[in-house]
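S.K.: Let me see the structure of the following:
(2 chains)
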2 protein chains.
Amino acid sequence: MAPTPVSAHDLSQKHKRVVNFSAGPSKLPDTVLQRAQEEMLNFQETGSSVMELSHRGKTFKSVISEAEKLTRQLLNVPDNFRILFMQGGGCGQFAAVPLNLAGSPGATVDYIVTGRWSESAAKEAEKYCKVRKVHAPKPHASDSSDSEDSEEEWWSELSDNAAYVYMCDNETVDGVEFKCPPRTPPGVPLVADMSSNMMSRPIDFSKYGLVFAGAQKNLGPAGVTVVIVREDLMDGRALPFCPSVLSYHVTSRNDSLYNTPPTFSIYVTGLVMQWVRDSGGVARMQELSREKSSLLYSLIENSQGFYYCPVDKSCRSRMNIVFRLSGGEALEKRFTEEAAKQGLTNLEGHRSIGGLRASLYNAVTIADTRTLASFMRDFAKRVAQIDLV
Amino acid sequence: MAPTPVSAHDLSQKHKRVVNFSAGPSKLPDTVLQRAQEEMLNFQETGSSVMELSHRGKTFKSVISEAEKLTRQLLNVPDNFRILFMQGGGCGQFAAVPLNLAGSPGATVDYIVTGRWSESAAKEAEKYCKVRKVHAPKPHASDSSDSEDSEEEWWSELSDNAAYVYMCDNETVDGVEFKCPPRTPPGVPLVADMSSNMMSRPIDFSKYGLVFAGAQKNLGPAGVTVVIVREDLMDGRALPFCPSVLSYHVTSRNDSLYNTPPTFSIYVTGLVMQWVRDSGGVARMQELSREKSSLLYSLIENSQGFYYCPVDKSCRSRMNIVFRLSGGEALEKRFTEEAAKQGLTNLEGHRSIGGLRASLYNAVTIADTRTLASFMRDFAKRVAQIDLV
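M.R.: The predicted model follows:
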């Protein structure tokens, strides 16, 4: 992205910005927000806001095709995959996946359940399919032994005749992430929810039939869902009662313009893609995500038990660092309150499980992460007189 | 809305703003865009953009509840109706309506077809229901006699046993608008697509079971759909394969936060609601819409045939002024090109029927409309030496 002039007004705003560790919607790069601000009333000398552009006009068509092109380039998406911009987020896809891929009502489908979101997806699919749940090991003890072969252990349990195998690549609530995709039986397409880790590492599309992501974590603002689907999977597999608005075939045939798309969300997503490209691409995002997550996990591991991580080392997420204070819930509350006062926000764990969580999506910088680490050291020192390295 | 300080930068942008007659996404009030611009990097001293706010945090919850409250106040929505913020636009509702209200698969439903969008809705409903189409008279000759009794003529054709009766209150492509709702048989709820005229006149909710609107015309930006539904219609009528993301019951039970909502679109919609309130409310919008549309229709009627309107006077839309040039398509092309050069944009008719169309949604001012009228007079004078009053 070309640098845009920053007015004094923008800078005064910037100084007040917090460090946002929200699990989603989450932090966006400052330069993206500044660009959206600059262009708010007059996009590319059209005299209109992006929000006011007809979705069928040539200006918006260039916005959406640029977003599509950048996504394709950054993720190295093969030609036989289509990139769709849809609505309804991950929850919309929980229905769209069986509605588009089941083949026939009541078809057998396999769901690898690793946490909250894959469980929700399986539940929605039960409206349309015979769902076989394969519970993946999700050891919640930080002292368990290395379990790198655990994937092998359960993938062999997959059905031979499933219409597809479903997985959630990164579970934001549980802090669990796949290290590599499971192998599926020959001819059975793998579907992956990558809502919270798309654009944080390369994707080997030869392993997947479809991947999707609600934008509001690593890709942009809420309101748009990116679906990347192999072309042959859009032929003849949809259930007759699939709503057009959730149909991959209809969306693809109309270049994501079957109905009015969420234009502003797509525009901002395109700006984020430009930012990823200009920041070094997906490989660089992968390096940074390793560095940021290692920084916090190391600090937690070396905290003499003051902090602890309930997730097994073999499957810890680079995106959502789930951790606890051995001092208990009251101390956790104090932790988030004191952090917020220092401008470190949204460190609460998901309301269903409590605890603490730092989400380190692409827009969260190394500096942001170090600021948090520094606070965590300071907190341990003040509360328990522990010196952390 | 409280006036916000406008910087020199904003003003320089404003001077370049075009007059946008797009059928949607369409013009937004300048003050709304300025407010969104001001708050882009720091919303209400949170240090975050609205796009970065967790949808479950108290700041965003106040944004969505304020938007809901203003909608309720402005439209005088009774307590037994719920206001939902959904995704998928009008096309999403074309499926959601039968999926939520049919009662059982294959149920009989009546669709009053007055144009392109009601026809599309009926087609989508055929996936789920036995659809009876009732074609309303849609005279396309400007010289036809007054036909105010036409509504009576066809409403009596409605089924007694329909699960609901569906109508599109304003057809943006055809330029046709209902003057008052049709009477339905006792106990049969009326469902109305008000995507293009909600907030342009009061709604008598005693006549409707459900009304909905994609926001991108009169309410805000694309990406959010406002659904106002009578509470009793959410009980026990949904089909078993209704996706959660399209379920009124699920959305209502979760205060529109079942999944991540399109947060920024809801925020801007709330700003537009504030603007409507501060501009005099729905009654004032109704006055203005009459004044603006009369101005153009009168000019067309009095143009000695230079311009003509193919829509019968009895059902002409206040929102979308569909008209033609008797000089033919080449002259229409010249019209839109010359208009665009003067900053009057998006005057082309819908691609499916051609011709011309000026959309006069709430954000289009009387002054904007006069500017267009002035251009139309000038064009007639230059092309055909006709002096229009």
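S.K.: In contact with residue A:320: list those residues for me.
M.R.: A:23, A:170-173, A:175, A:196, A:357-360 (CB atoms under 8 Å, 6 or more residues apart in numbering or on different chains). Bear in mind the C-beta positions are built from the backbone N, C-alpha and C, glycine included.
S.K.: if I look at it, how far off is residue A:361?
M.R.: According to CB to CB, to the nearest Å, residue A:320 and residue A:361 sit 9 Å apart.
S.K.: How about residue A:321?
M.R.: From residue A:321 across to residue A:361, the span is 11 Å (CB to CB).
S.K.: Check the spacing between the residue nearest to residue A:241 when sequence neighbours are not counted and residue A:106 real quick.
M.R.: In this structure, residue A:241 finds its nearest non-sequential neighbour in residue B:127, 5.3 Å apart by CB to CB, 6 or more residues apart in numbering or on different chains. Noted for residue B:127: a distance of 18 Å to residue A:106, by CB to CB.
S.K.: out of these two, which sits in the busier spot?
M.R.: Between residue B:127 and residue A:106, counting by other CB atoms under 10 Å in any protein chain shown, residue B:127 is the more crowded of the two (18 against 11).
S.K.: Show me which residues of the stretch 251-389 of chain A are close to chain B?
M.R.: Proximity of the stretch 251-389 of chain A to chain B, by CB under 8 Å from any CB of the partner chain, involves residues A:258-265, A:268, A:343, A:345-346, A:351.
S.K.: Just the buried subset of those residues, please.
M.R.: Neighbour counting with 16 or more other CB atoms under 10 Å in any protein chain shown marks A:258-265, A:268, A:345-346 as buried within those.
S.K.: Widest-spaced pair of the residues you listed?
M.R.: A:258 and A:345 (37.8 Å; CB to CB).
S.K.: give me phi/psi at the closest residue to residue A:256 other than its chain neighbours?
M.R.: Excluding the flanking residues, the one nearest residue A:256 by CB to CB, 6+ apart is residue A:85, at 4.3 Å. Backbone torsions of residue A:85, given as degrees, to the nearest 10, read phi -110, psi 110.
S.K.: And residue A:85, how far from residue A:63?
M.R.: According to CB to CB, residue A:85 stands 11 Å off from residue A:63.
S.K.: and for those two, which residues touch both?
M.R.: With CB under 8 Å, 6+ apart as the test, residue A:85 and residue A:63 both reach residue A:266.
S.K.: where does the stretch 151-300 of chain A have low pLDDT?
M.R.: Scanning the stretch 151-300 of chain A for pLDDT under 70 picks out the ranges A:151-156.
S.K.: Walking through it, point out its strands one by one.
M.R.: With DSSP state E, counting those that start in this stretch as the criterion, the stretch 151-300 of chain A has strands at A:165-168, A:170-171, A:176-177, A:190-193, A:210-214, A:225-230.
S.K.: about what we covered before: distance of the residue nearest to residue A:256 relative to residue B:183?
M.R.: 41 Å.
S.K.: quick one on the thing from earlier: could you export the residues of the stretch 251-389 of chain A next to chain B as TSV, including distance to residue A:42?
M.R.: TSV is the format used below for these (distance: CB to CB, whole Å):
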residue	distance to residue A:42
A:258	29
A:259	27
A:260	22
A:261	22
A:262	21
A:263	16
A:264	15
A:265	20
A:268	17
A:343	32
A:345	32
A:346	33
A:351	41
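S.K.: Filter the residues you listed down to the ones in helices?
M.R.: Residues of those located in helices (DSSP state H): A:263-265, A:268.
S.K.: quick check, nearest of these to residue B:99?
M.R.: Of those, the one sitting nearest to residue B:99 (CB to CB) turns out to be residue A:265, at 24.3 Å.
S.K.: Relative to residue B:304, how far out is the closest one?
M.R.: From residue A:265 to residue B:304 the distance is 47 Å (CB to CB).
S.K.: do residue A:286 as well
M.R.: 69 Å.
S.K.: Over to residue A:215?
M.R.: Taken as CB to CB, the span from residue A:215 to residue B:304 is 53 Å.
S.K.: between these two, which one's more packed in?
M.R.: Between residue A:215 and residue B:304, residue A:215 has the larger neighbour count (other CB under 10 Å), namely 27 against 12.
S.K.: looking at it, the more buried one is touching residue A:269, isn't it?
M.R.: Yes. At 5.2 Å, residue A:215 and residue A:269 qualify as touching, with contact defined as CB atoms under 8 Å.
S.K.: shared neighbours of the two, anything?
M.R.: Jointly contacting residue A:215 and residue A:269 under the rule CB under 8 Å, 6+ apart are A:221, A:224, A:226.
S.K.: Please indicate which of those residues are buried?
M.R.: Members of the shared contacts of residue A:215 and residue A:269 classed as buried by 16+ other CB under 10 Å are A:221, A:224, A:226.
S.K.: wouldn't the residue nearest to residue A:256 be in contact with residue A:226 here?
M.R.: Yes. Distance between residue A:85 and residue A:226: 6.4 Å, which falls inside the contact criterion (CB under 8 Å).
S.K.: Which neighbours do the two have in common?
M.R.: With CB under 8 Å, 6+ apart as the test, residue A:85 and residue A:226 both reach residue A:269.
S.K.: Can you give the domain ranges for chain A?
M.R.: A:58-275, A:280-384 (the TED database).
S.K.: Point out the most buried one among those.
M.R.: Highest mean neighbour count among these (mean count of other CB atoms under 10 Å in any protein chain shown): domain A:58-275, with a mean of 21.
S.K.: mind putting the contacts of residue A:320 in a markdown table, distance to residue A:34 included?
M.R.: Output for the contacts of residue A:320, formatted as a markdown table (distance: CB to CB, whole Å):
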| residue | distance to residue A:34 |
| --- | --- |
| A:23 | 24 |
| A:170 | 29 |
| A:171 | 33 |
| A:172 | 27 |
| A:173 | 32 |
| A:175 | 32 |
| A:196 | 25 |
| A:357 | 28 |
| A:358 | 25 |
| A:359 | 22 |
| A:360 | 22 |
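S.K.: wait, which of these is closest to chain B?
M.R.: residue A:23 (7.5 Å; CB to the nearest CB).
S.K.: what residues are up against the closest one?
M.R.: Here residue A:23 is in contact with A:172-173, A:196, A:217, A:320, A:346, A:350, A:357, A:359, B:54 (CB under 8 Å, 6+ apart).
S.K.: Next: residue A:332.
M.R.: Counting by CB under 8 Å, 6+ apart, residue A:332 has contacts A:324-325, A:354-356.
S.K.: Was I right to think residue A:234 contacts residue A:249?
M.R.: Yes. Under the criterion of CB under 8 Å, residue A:234 makes contact with residue A:249 at 4.6 Å.
S.K.: Overlap in contacts, those two.
M.R.: Both residue A:234 and residue A:249 are contacted by residue A:100, under the criterion CB under 8 Å, 6+ apart.
S.K.: Can you read off the backbone torsions of residue A:47?
M.R.: phi 80, psi 10.
S.K.: number of nearby residues for it?
M.R.: Other residues within reach of residue A:47, judged by other CB under 10 Å, total 19.
S.K.: Just give the closest residue to it, not the sequence neighbours.
M.R.: residue B:18 (3.5 Å).
S.K.: what does residue A:220 give?
M.R.: residue A:269 (3.3 Å).
S.K.: roughly how far apart are that neighbour and residue A:275?
M.R.: Counting by CB to CB, the gap from residue A:269 to residue A:275 is 11 Å.
S.K.: show me the contacts for the residue nearest to residue A:256.
M.R.: So residue A:85 contacts A:64, A:67-68, A:224-227, A:251, A:256, A:261-262, A:266, A:269 (CB under 8 Å, 6+ apart).
S.K.: Which one of the residues you listed is nearest to chain B?
M.R.: residue A:262 (3.3 Å).
S.K.: That closest one is in contact with residue B:264, isn't it?
M.R.: No. Counting by CB under 8 Å, residue B:264 is not a contact partner of residue A:262; they are 9.2 Å apart.
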